[in-house]
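> requesting a structural model of the entry that follows:
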Amino acid sequence: MATETFQRSLWSSLAPPAPRTPPLSGSGKADVAIVGAGFLGLSTALHLAESGASVVLLEAEEPGFGASGRNTGFVVPSLRTSLGPTDIRDRLGEHGERLTALVGQSGDIVFDLIRRHGIACSAEQTGWMQPAHSATMMRVLEARQGDWAARGRSVLILDAAETKRRAGFGSYHGALLDPTGGQINPLAYARGLATAALAAGAVIHAASRVIAIDRQGEGWRVRTASGEIRAGRVLLTTNALVGCLNPAMASSVIPVLVHQIATEPLSEDLRRDILPGRSPLADTRRHTFALRWSPDGRLVTGGMVLPGPASLARASRAFLKRLRHFLPGLGTMRADFVWNGVIAATLDQMPRFVELAPGLDGAIGCNGRGVALTTALGREIAGLYAGRIAADAFPLPHGRPEAVPGHFLARHGPALWLPWSNWRDHLESARGN
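Predicted coordinates for the structure are as follows:
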């Protein structure tokens with residue numbers, strides 16, 4: 001079992017205090033009950049409350065406790081590298097075009113929400129950069145730009161020289177730059193969304209782990225150890241931490257443990273040379289190399305390590321070594337913060353909006369694109385529930401969850417995939433093809 005690291009993260013040290021969200025006690029009613037106070041649950045609750053619906057959000061720990069408050073804090077207006085607009089359309093048809101439109105707006109949705117509610121989360125809409133580690137991936141990014149241009153979005157292609165100038169290191173073939181992306185303190189953002197939702201009239205109960213969800217007449221009863229909520233609709237937004245609450249949802253995704261590190265504070269000279277425009281970077285490798293500056297002058301990076309004992313120490317060593325590989329001028333440095341979190345992956349890298357029973361839904365499978373995608377999707381789910389969006393105009397299909405074949409074994413797939421992925425990345429970078 002992974003070591004619990006919520007309090008060890010850089011974001012915990014920098015975020016403002018969480019708003020008061022006392023545990024559920026006794027009985028209550030709501031139009032909608034939401035289980036899980038990550039970005040998706042918080043965004044849905046906020047937008048529902050703003051529409052006039054009564055909403056209660058139940059969280060086992062505290063808002064942002066899961067992957068939402070632990071990730072790298074990139075605001076990325078795209079799905080995974082393998083999924084461009086044409087790929088999404090080919091898989092989902094008209095749903096795919098609507099999902100693509102939503103994803104394309106998602107960076108602006110996040111930053112507009114931050115500005116509208118005055119959320120103090122070190123928000124920087126400085127663009128998101130995706131460098132190509134091989135000539136093949138450069139051609140993919142060039143085609144991707146064409147796909148977005150055909151849909152009226154302006155994303156930029158940078159040549160190799162401009163990519164090196166903006167990154168401050170490396171020998172990339174070029175990059176795609178989306179000006180609407182950027183970076184935030186993710187835990188501060190989660191706490192800010194919770195504060196905004198409370199101000200709009202939502203009710204949030206932390207330290208209120210849901211132990212059962214039962215049909216009650218035309219609606220549902222959501223129970224914790226100390227109370228219950230009766231609601232017409234229930235939405236599960238627990239993502240990878242669904243556990244035993246709903247086995248059908250749990251078996252439809254693969255939990256992936258991801259580690260992050262933050263270095264010691266670095267010099268002003270290094271801050272001017274590395275990512276001088278403060279655009280966060282995530283390249284096209286299978287095992288992505290991602291990098292950003294923190295608000296207090298640290299480099300933040302991360303990824304996967306093989307599971308086993310002392311994984312935090314191994315993650316620290318592995319990612320410091322990787323940093324020195326990409327930026328040999330850094331020299332010796334330490335990792336002041338090391339933490340981890342669990343993301344939910346799907347086999348096709350697509351998000352899901354599933355119907356578990358009439359009036360009981362779940363949304364899951366962000367595949368490491370949680371900040372922008374879940375914020376935008378929460379707005380759409382709220383619109384669907386409030387009647388502002390018709391069911392046939394929603395950006396995702398709404399069907400039963402599909403179990404990952406051989407789910408028990410598939411859970412170990414990411415660990416088996418990592419050495420092969422690193423080897424392929426190395427070969428492609430060395431050959432430049």
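> longest helix anywhere in the protein?
As assigned by DSSP state H, the longest helix anywhere in the chain is helix 94-117.
> and the next element down the chain from the one helix or strand in the chain whose mean pLDDT sits lowest?
Sorting the helices and strands of the chain by mean pLDDT, DSSP states H and E puts helix 407-410 at the bottom, at a mean of 66. Note on helix 407-410: by DSSP states H and E, the next helix or strand toward the C-terminus is helix 413-431.
> could you say what helices and strands that following helix packs with?
strand 254-263 (3 or more C-beta pairs under 8 Å, 6 or more residues apart in numbering; DSSP states H and E). Using the backbone N, CA and C atoms, a C-beta is placed for each residue, glycine as well.
> at 10 Å what do you get?
Here helix 413-431 touches helix 135-150, strand 254-263, strand 335-345, going by 3 or more C-beta pairs under 10 Å, 6 or more residues apart in numbering; DSSP states H and E.
> got these as CSV, with mean neighbour count, distance to A282 and mean pLDDT columns?
Output for those, formatted as CSV (neighbours: other C-beta atoms under 10 Å; distance: least, C-beta to C-beta, whole Å; pLDDT from 0 to 100):
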stretch, mean neighbour count, distance to A282, mean pLDDT
helix 135-150, 16, 12, 95
strand 254-263, 21, 13, 93
strand 335-345, 22, 14, 93
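> for A363, which of these is the nearest?
Proximity to A363, assessed across those by C-beta to C-beta, is greatest for strand 335-345 (10.1 Å).
> quick one, that closest one and helix 413-431 angle?
Calculated by axes from the mean of the first three to the mean of the last three C-alpha atoms, to 10 degrees, strand 335-345 forms an angle of 110 degrees with helix 413-431.
> strand 335-345 pairs with which strands, parallel or anti?
The strands beside strand 335-345 in its sheet (DSSP bridges) come out as strand 254-263 (antiparallel).
> and the strand it pairs with, how far out from the chain middle?
12 Å (C-alpha atoms, centre = their mean, to the nearest Å).
> and for stretch 88-102?
20 Å.
> what does stretch 153-172 give?
24 Å.
> can I get the CA coordinates of it in CSV?
Only the C-alpha atoms of stretch 153-172 are listed here, as CSV (Å, rounded to 0.1, in the frame of the first residue of the first chain):
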residue,chain,number,x,y,z
ARG,A,153,-9.0,27.3,-32.4
SER,A,154,-5.7,29.0,-32.7
VAL,A,155,-2.9,26.8,-31.3
LEU,A,156,0.7,27.4,-32.3
ILE,A,157,3.4,25.3,-33.7
LEU,A,158,6.9,26.2,-32.6
ASP,A,159,10.0,25.2,-34.5
ALA,A,160,13.0,23.5,-32.8
ALA,A,161,14.8,26.8,-32.1
GLU,A,162,11.8,28.5,-30.5
THR,A,163,11.0,25.4,-28.5
LYS,A,164,14.5,25.4,-27.0
ARG,A,165,14.3,29.1,-26.3
ARG,A,166,10.9,28.7,-24.5
ALA,A,167,12.0,25.5,-22.7
GLY,A,168,15.5,26.6,-21.9
PHE,A,169,16.9,23.1,-22.6
GLY,A,170,16.6,20.0,-24.8
SER,A,171,16.8,19.1,-28.4
TYR,A,172,13.2,18.8,-29.2
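> can you give me the buried ones in that stretch?
Along stretch 153-172, these residues count as buried under the neighbour rule (16 or more other C-beta atoms under 10 Å): 153, 155, 157-158, 160, 163-164, 166-170, 172.
> was I right to think R89 contacts G96?
Yes - using C-beta atoms under 10 Å, R89 makes contact with G96 at a distance of 4.0 Å.
> which one's more surrounded, the two?
The residue with more neighbours, out of R89 and G96, is G96; 21 against 18, by other C-beta atoms under 10 Å.
> so who does that one touch?
Counting by C-beta atoms under 10 Å, 6 or more residues apart in numbering, G96 makes contact with L83, P85, T86, D87, I88, R89, D90, M350, P395, L396, P397.
> go ahead and confirm T21 touches F65.
No - using C-beta under 10 Å, T21 is not in contact with F65; the gap is 11.4 Å.
> overlap of the contact sets of these two?
A37, E59, A206.
> so how far is the first residue of stretch 149-161 from its last?
Chord length of stretch 149-161, first to last residue, is 23 Å (C-alpha to C-alpha, to the nearest Å).
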